[in-house]
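# using only what follows, build the 3D model:
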Amino acid sequence: MLPLKANSVTGFLESNRESSFDSVRKVKFLELAKQAAENHAMPDVASICRHVGISTRTYWAHIDVDPKFAEAWEEVVDICESGLVTKMYEFAQRPSNYMDRITWLKNMRPQRWDLEHRVRIVHDSRPQNSLIDSIKTAIDADIVGELGPATENAPATRPQDAESH
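This is a model prediction of the structure:
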């Protein structure tokens, strides 16, 4: 693939070749895809590719390298998703359509309806424990340092201790 440059109007990447998937073709591709999605049909990528004069391989290559085009395609997919959610909700109103109801609830309100959805908070206290241990060691060293060196004949601190010698 030749180096691609951003079109100043659309932001889509394109090459200078006449047969390339340029901005004009990308806009047309997206219009056809959006039209299909708004008519509650998943856009047929292969058919749209043929219509604008590119291969499906070219389409996929541009989805991978052109972030603006990929973002515009995601908007088409969002329209398709919205239609599916609407249809799922419609079907869920039927008494026998338990799966539509639970699927809708699990996806739209997972915090309440998806048993697999868990908020898990993990706290690693090892760094704090290490810090606390080092502080304890420092405090113990300060206390020992204040007492001074141990002597062989340390004076008794309690009178009864002196009597036992």
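
# give me the helices and strands touching the longest helix seen in the chain, please.
Criterion DSSP state H: the longest helix present in the chain is helix 67-92. Helix 67-92 is packed against helix 23-38, helix 56-65, helix 98-108, with contacts defined by 3 or more Cβ pairs under 8 Å, 6 or more residues apart in numbering; DSSP states H and E. Using the backbone N, CA and C atoms, a C-beta is placed for each residue, glycine as well.

# name the stretch among those helices that sits most buried.
Greatest average neighbour count among the helices and strands packed on helix 67-92 goes to helix 23-38 (a mean of 18), per mean count of other Cβ atoms under 10 Å.

# how about that one as CSV, C-alpha atoms only?
The C-alpha trace of helix 23-38 is given here as CSV (Å, rounded to 0.1, in the frame of the first residue of the first chain):
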residue,chain,number,x,y,z
SER,A,23,-12.5,10.0,0.5
VAL,A,24,-15.2,10.2,-2.2
ARG,A,25,-15.5,6.4,-2.2
LYS,A,26,-15.3,6.2,1.6
VAL,A,27,-18.1,8.7,2.0
LYS,A,28,-20.2,6.8,-0.6
PHE,A,29,-19.4,3.5,1.2
LEU,A,30,-20.5,5.0,4.5
GLU,A,31,-23.7,6.5,3.1
LEU,A,32,-24.8,3.1,1.7
ALA,A,33,-23.9,1.3,4.9
LYS,A,34,-25.8,3.9,7.0
GLN,A,35,-28.8,3.7,4.7
ALA,A,36,-28.9,-0.1,5.2
ALA,A,37,-28.5,0.2,8.9
GLU,A,38,-31.3,2.8,9.2
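
# could you give the angle of that helix to helix 67-92?
10 degrees (axes from the mean of the first three to the mean of the last three Cα atoms, to 10 degrees).

# any idea how far helix 23-38 is from the chain center?
Helix 23-38 sits 28 Å away from the centroid of its parent chain (Cα atoms, centre = their mean, to the nearest Å).
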